[in-house]
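Student: Give me a model of this one.
(2 chains)
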Amino acid sequence: MKRRELFGALAAAGAFAQTRSNRVRNACDCAPQIKLATDKPPGAALFRDVGSKLRITGMKVFGVTLDERMGRVDRPYVFVKLETNQGVFGWGEATLEGKAAAAMACVNDLKDLIIGSDPMQVEHLHQLMYIGSFYRGGPVLGSAISGIDQALWDIRGKVLGLPVYELLGGPVDPRGVRGYYHASAWTVSEVRELRDKARAAGVTAFKFQLPDLLEWVETNAKIKRAVRALEIYREGLGPDIDFAVDFHARPSPTVAAILLREVEPLHLLFAEEVCPPENIRAMQRAVRKSTTPIATGERLIASYGFTEIIDLGIVDILQPDIAHVGGVSALWKVAAAGDAAGMRMAPHACEGPVGGIASLHVDAACPNFLAQEICGLVDAGEQNQVWEDLLGFPAMRMVDGRYPLPTKPGLGFEVSEAALKKYPFQGTRPFPMAFHEDGAIASL
Amino acid sequence: MRRRLKAVVAFSPPPQAATGPLQIASLRAWRIREPESGRRYTIIRILSQSGVAGFGEGGAVKAADIADAKTALAGQRATALEFVRNRFASVPALEAALSNALIDLMARSTGVPVYQYLGGPTRFKARLMARMPDIGMAAFAEPVRFAREHGYKTFTLPAPPKEAMTRLQAYVDSVRQKMEGFKKLAGADAEIVLDGAGALLPGDAAMVARALESVHPVWFDEPTSVLTNDALSRITDESIMPVGLGRGIHDVSTFQNLLRWGSVDVLRPSLGLNSLHKIRRMAAIAETHYVAVAPYHDGGPLATMLGIHLAAALTNAYVQEVPIPASPRDRAMRAELLGGTVERAQDGFAALVNQPGLGVRVDEQALNKYSEETV
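Tutor: Take a look at the predicted model:
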């Protein structure tokens, strides 16, 4: 080998060694063969000249266990607080039923992607958390991203001096966002009492549940009992108050098809989660024989999770949950896709006040919005105290059937860290379980 | 070429160990015939080298096929369910009997009930459904009384036969009348599965399903024997009546097709044509479609016990069918085969027996007494 050739070979070897050292390595050498970003957070250097001077300097995660009497034992709230170098804070909610500690841990897992970043790059950071996590979906990651995403939007609104719904296109209906309360009543007289309360409070819609657990196929007796329960709701409420029924994925598609056909004359606002969510085509089998509007989506994650259900035209109403789907960003994207497909939005919300208020902002800007769920009954009860403690105002109530829109910048509230100490995290509690007559696990 | 080699490998016997306690030592089969109904089934006993016996049941099998099985299984391990599934795929009733006997043998060898061997109980009792004989309404009273006294609350009711010239509306009315008449006999709380026995044309079955869907039978079983997607969609697209299918199906992929097309609400693999091992594979696919499994059963009492163990282990089992012979003599014979154990329910359910294997004693003297032939 000539001397020049030897130098060339050594130089090439050195270059190769240098390249190898910059590559991702792991024990089995199966990691992606690309150069690693060296800046923190990843990619930040590329945006040095085009971003803001704002930087996220801290992230806190709070587990909040309420008094067990309030029936929230399975879902301690998980709140996320982002702090910035300019004293602006953002709040979001990552509550995940039965998996609070996992959601909290996952929020912390995302810390390296968030600390040091520019909070005004909401979409970029959302993608960083979602695509950068490699395992894109799942409720734990979805909830963690949701909490951080909401907090980013809160900061964004505060910095720009506008409520989040203004940033999303402005309110479609300035009077506010139509909502419904949960209700439980089993006799016509109980439902009539509820109707009177609703009229006095200006409430226009309720949501009930089915009376029984349901098996893969069902007996004549149980089918009739379920239909009768729904007939009682209509008899008691009269024709002017809407009601939806949450099937809560209890029936199989087989049983759901029967119930949906039988309750057509009751003109439900919608039937929710009529069967389990994993097999979209099976759900299609359940809903194709009825004119009852079908709603689903609380367990679907990210806008990608809704693609199939929208493209196949299986449902009428989409119900993403802002605390799981991926925050404000993902909820808005699902709404946009649903709008194009002629589907309406009735976002699910059965967690805490932060996610509930964040939902209102997206709802307000959706032309295809139908109604917002807020976990609670006509009487706010002890929820008022919790809201007073945490946010400084009583539980959100509808006026003339609508939740008034927040007027302050961002999401429109501050959470008191001092008050959070009154409700210390007491660990994860499992989602409640139910069993059939023979001991087999039932879908609750 | 590679594909052909793969096929050869799949059907080759597993490697043989020299000897061992789980090695199959002998096989004996009884070809049983019920004295009055003429119902036929095969009961097989497989003995391991360590002296543990397992009993299985399948549908009627020819003696020549059983003789072939004796040769093929000699020296195999008792765990070789996949070998049995492949080797005897063309004789499904034999596959069922052999594989079920091996499962019983293995459960006894490991000292656990069959439902534990199959994955552990998902429920503490199994719902039963009385399969009523296809006899006229006048003769129904006695077997219905027997079934009610033995704790049954759900019944398969044979749909009346349809003559080609019968007007469809008249036929629908006759089905409705039969269901109403049966309810009067069995009680208002009796739940009915309407058994079409594959006798109707798809269009006629669709009309029956649509007309009677508001009566809510638990499901319409085998409404037609035309199992093409187009034929079945005529029934399932037009009605909310659940449809049960599959009593003649003995390969997993046919069920998979029915599930993909949304043509079936209740999977009905026959215990006479499918081993518990094979039905578990079918059930696993059905589960992802939220579809229930309720094995069809028109065989003997040992298969009833097998079905109960399977129902205990499957998450998507709904009910196990149990034939109720019209003749008291046949009913007594079935109990005799199981050493006096009667196929009974309590408030609609069978209790699980927490004893090794099937948890019942098979009376070999009774098997000899009622067999047409022993191989």
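
Student: Show me which residues of the stretch 201-350 of chain B are close to chain A?
Tutor: B:213-219, B:236-237, B:239-240, B:242, B:262, B:265-266, B:288-292, B:294, B:315-316, B:318, B:349 (CB under 8 Å from any CB of the partner chain). C-beta coordinates here come from the backbone N, C-alpha and C atoms, glycine included.

Student: can you map out the strands along the chain?
Tutor: Looking at chain A here, since you left the chain open. Secondary structure of chain A, counting by DSSP state E: strands at A:56-64, A:77-84, A:89-93, A:177-182, A:205-209, A:242-246, A:271-272, A:294-296, A:317-318, A:344-345, A:372-373, A:402-403, A:434-435, A:441-442.

Student: should've been chain B
Tutor: B:24-33, B:40-48, B:53-58, B:125-131, B:154-158, B:191-195, B:220-221, B:243-245, B:266-267, B:292-293, B:320-323, B:349-351, B:371-374.

Student: Reformat those strands as JSON lines; add mean pLDDT and mean neighbour count.
Tutor: Shown next, in JSON lines, are the strands of chain B (pLDDT from 0 to 100; neighbours: other CB atoms under 10 Å in any protein chain shown):
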{"stretch": "strand B:24-33", "mean pLDDT": "96", "mean neighbour count": "21"}
{"stretch": "strand B:40-48", "mean pLDDT": "97", "mean neighbour count": "23"}
{"stretch": "strand B:53-58", "mean pLDDT": "98", "mean neighbour count": "27"}
{"stretch": "strand B:125-131", "mean pLDDT": "96", "mean neighbour count": "25"}
{"stretch": "strand B:154-158", "mean pLDDT": "96", "mean neighbour count": "24"}
{"stretch": "strand B:191-195", "mean pLDDT": "96", "mean neighbour count": "24"}
{"stretch": "strand B:220-221", "mean pLDDT": "97", "mean neighbour count": "28"}
{"stretch": "strand B:243-245", "mean pLDDT": "96", "mean neighbour count": "27"}
{"stretch": "strand B:266-267", "mean pLDDT": "97", "mean neighbour count": "28"}
{"stretch": "strand B:292-293", "mean pLDDT": "96", "mean neighbour count": "28"}
{"stretch": "strand B:320-323", "mean pLDDT": "98", "mean neighbour count": "26"}
{"stretch": "strand B:349-351", "mean pLDDT": "95", "mean neighbour count": "19"}
{"stretch": "strand B:371-374", "mean pLDDT": "94", "mean neighbour count": "13"}
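
Student: Of all those, which one is nearest A:Pro394?
Tutor: Relative to A:Pro394, the nearest member of the strands of chain B by CB to CB is strand B:292-293, separated by 47.6 Å.

Student: and A:Phe431, how many neighbours?
Tutor: For A:Phe431, the neighbour count with other CB atoms under 10 Å in any protein chain shown is 13.

Student: hmm, back to that, show me which of the residues of the stretch 201-350 of chain B next to chain A are buried.
Tutor: B:213, B:216-219, B:236, B:239-240, B:242, B:262, B:265-266, B:289-292, B:294, B:316, B:318, B:349 (16 or more other CB atoms under 10 Å in any protein chain shown).

Student: I'd like the strands of chain A laid out as TSV, including mean neighbour count and distance to chain B.
Tutor: Listed next are the strands of chain A as TSV, based on neighbours: other CB atoms under 10 Å in any protein chain shown; distance: least, CB to the nearest CB, whole Å:
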stretch	mean neighbour count	distance to chain B
strand A:56-64	19	33
strand A:77-84	25	31
strand A:89-93	26	31
strand A:177-182	22	26
strand A:205-209	21	19
strand A:242-246	23	17
strand A:271-272	27	14
strand A:294-296	28	14
strand A:317-318	26	21
strand A:344-345	24	25
strand A:372-373	24	25
strand A:402-403	20	35
strand A:434-435	12	9
strand A:441-442	14	7
